[in-house]
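Novice: Provide a 3D model corresponding to the input given below.
(2 chains)
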Amino acid sequence: MLRLRFYNTMSRKKEEFRPIHKRRATFYACGPTAYESPNMAHCRRFVVADLLARSLEYNGLAVESYMNITDLDDNTIAGADKAGLPLRDFTGKYVNEFMAAARELGVKKATGYPLASEHVGDMIDIARELLDKGYAYVKHGSIYFDISKFKRYGRLSGVDLSKIRTGKTVDLDDYEKDNPRDFTLLKRTTLDELKKGIFYETDWGNIRPGWHIECSAMSIHYLGETFDIHLASQNLMFPHHENEIAIAEALTGKPLANYWLHSGLLLRDGRKMSADNGNVVTMQDVLDRGYSGRELRFMFLVVHYRKPLHFSFKRLNSARRTLMRIDEFSRKLLCLPPDLPHPDVALLVATLEKKFFAALGDDFNMSGAVGALFDFIKKINPILQAGSLDRRQKNDVLEVLRKVNSVLGIIRLERCPLAPEIDQLIRQRERARQLKDWTAADSVRAELLKKGIAVCDTACGPVWERSIEPGRQGNER
RNA sequence: GGCGACGUAGCCAAGUGGUAAGGCAGUGGUCUGCAAAACCAUUAUUCACCGGUUCAAAUCCGGUCGUCGCCUCCA
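Specialist: Reported below is the predicted structural model:
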């Protein structure tokens, strides 16, 4: 059992996690917009959400997690228009890509991935209620949230609305707000949208929802008025999260989430990775270069989730090498025959478990946790090399690694099952090697390779693995 | 201009008051029929800079510099 603490943006401190329900944890993560292919920034967010979910699960909590997909907004509408496709077909393609990327990254499925377009009814209800309560107003067929009515605005991000430069990034001429700081809840349908059938009928005319109300509506719909954790990346803090909070709290009078977690940005060449900066590296780019989702996952995992992460292929290479060291270790552990017991193993196993989960529980300090794993590997390696682990100790080692891996999700602990004839061949090759019949040994090795088994020799005997195409290694669970 | 984050070795990265984890690369060694590796050892008198508090500071306080992000629909 793990004591979980994490940094709550709302209080700007690390706090101990106390779920609302004893055995259940609920969290909502802001997901991608379905108008572009998954890139490294999306991948990091997926992995961070997965880390959170797995940590909560390890803590014995049943996790209910939702990550929304924005499939109804300016970008998706403009994208579909440009592609000459119906909105649904356009976004559907990207939704599938995101799901595939998540799988590739070894991300456990969230409870749900709701689409904004399927919850417009909820959004309209919320807007109506906010109008009734006086937090919103109608103007020329659009509905805006009146920020002046929500006194606690800005608590999360610390912005002072009087000092903000309005209109710097948005053309205010497109809106008819009472105050430029107000934000759109429901936007009057344009003529073009009307023609394409992208509109929803309401008492106030045809509309479509704005971005902020989508998240409030979906999170409340699935998780209730107050849930445990809201997760997203830092650059969404203002205005998106402030607006989400304003909508939800004006509506219910209760906090939307008890803990607000924000992950760091993903940078490329010192700048945020985004289409605007023209420095996007997609998941597909990385796979095409022969890297695996598993290698990406590891690269994302070892950097603290709140820190900015500079993406580079050099870094990815370094992650690959590091992973190879772990793989070598687990291969030996699985393949080499058990022998005599070693006196230090019990303590080493206990230390790994303690240190790994203490680091994890301290605001997801994965660098510290992985450091503990390497300390362990370094100590066990010589023992393994000397062939002095007995069967029971090997099981203990495997068991602690399974625990660690329930969060990491990258260690290969499934012994590659050997068909009897493969086992036979390996033995045959060993006999040939003992007789120094190198020609026979090499031909058996070649035969094994044809059957998809790569054999390496070590001082303690042969170690094998399923030979896999580089870059296409599957993730262990 | 306002708000926020970050700055630790060649690179990546932990460490938030007790004397610098871990990984990659490098170097040296061990093992090895071949192959591919692997394994071990080693690498920061110092934590962007300046000042202060303290017996003790990468860690706390004040200031400076640098990089990045957000400021009302890129997400």
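Novice: alpha carbons only for contacts and neighbour counts from here, please
Specialist: Fine.
Novice: between the two ends of stretch A:204-216, what distance do you get?
Specialist: 21 Å (CA to CA, to the nearest Å).
Novice: tell me how far that stretch lies from the chain's centre.
Specialist: When C-alpha coordinates are averaged (CA atoms, centre = their mean, to the nearest Å), stretch A:204-216 and its chain have centres 27 Å apart.
Novice: and for stretch A:320-331?
Specialist: How far stretch A:320-331 lies from its chain's middle: 22 Å, per CA atoms, centre = their mean.
Novice: residues of it that come out buried?
Specialist: A:320, A:323, A:326-327, A:329-331 (16 or more other CA atoms under 10 Å).
Novice: can you narrow the residues you listed to ones near RNA strand B?
Specialist: residue A:329 (CA under 7 Å from any atom of the strand).
Novice: filter the buried residues of stretch A:320-331 down to the ones in helices?
Specialist: Judged by DSSP state H, helices contain the following of those: A:320, A:323, A:326-327, A:329-331.
Novice: still on that earlier bit, can I get the buried residues of stretch A:320-331 in TSV with pLDDT and distance to residue A:111?
Specialist: Below are the buried residues of stretch A:320-331 laid out as TSV (pLDDT from 0 to 100; distance: CA to CA, whole Å):
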residue	pLDDT	distance to residue A:111
A:320	93	30
A:323	93	29
A:326	93	31
A:327	90	31
A:329	91	34
A:330	89	31
A:331	86	33
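Novice: among the buried residues of stretch A:320-331, which one lies nearest to RNA strand B?
Specialist: Nearest to RNA strand B out of the buried residues of stretch A:320-331 is residue A:329 (CA to the nearest atom of the strand; 5.7 Å).
Novice: distance-wise, check that closest one relative to residue A:289.
Specialist: Look at residue A:329 and residue A:289: by CA to CA, they are 26 Å apart.
Novice: quick one: contacts for residue A:312?
Specialist: residue A:268 (CA atoms under 8 Å, 6 or more residues apart in numbering).
Novice: so is stretch A:270-288 next to RNA strand B?
Specialist: Yes. Residues of stretch A:270-288 are located near RNA strand B by CA under 7 Å from any atom of the strand, namely A:270-272, A:274-276.
Novice: out of these, who's the most crowded?
Specialist: Within the residues of stretch A:270-288 next to RNA strand B, neighbour counts (other CA atoms under 10 Å) peak at residue A:272, which reaches 21 neighbours.
Novice: is the nearest residue to that residue once chain neighbours are set aside in a bridge, and if so with what?
Specialist: The shortest distance from residue A:272 to any non-neighbouring residue, by CA to CA, 6 or more residues apart in numbering, is to residue A:266 (6.0 Å). Taking DSSP bridges as the rule, residue A:266 bridges to residue A:309.
Novice: might one say that residue A:266 is in contact with residue A:39?
Specialist: No. In this structure, residue A:266 is not within contact of residue A:39 by CA atoms under 8 Å, at 10.0 Å.
Novice: looking at these two, which one has more neighbours?
Specialist: residue A:266 (24 against 20).
Novice: how far away is the more buried one from residue A:125?
Specialist: 36 Å.
Novice: again, but for residue A:82
Specialist: 31 Å.
Novice: got the contact list for stretch A:62-80?
Specialist: For stretch A:62-80, using CA under 8 Å, 6+ apart, the contacting residues are A:23-35, A:53, A:56-57, A:86-87, A:90-91, A:95, A:110-117, A:209-211, A:214-215, A:218-219, A:222.
Novice: please consider this matter closed, and thank you.
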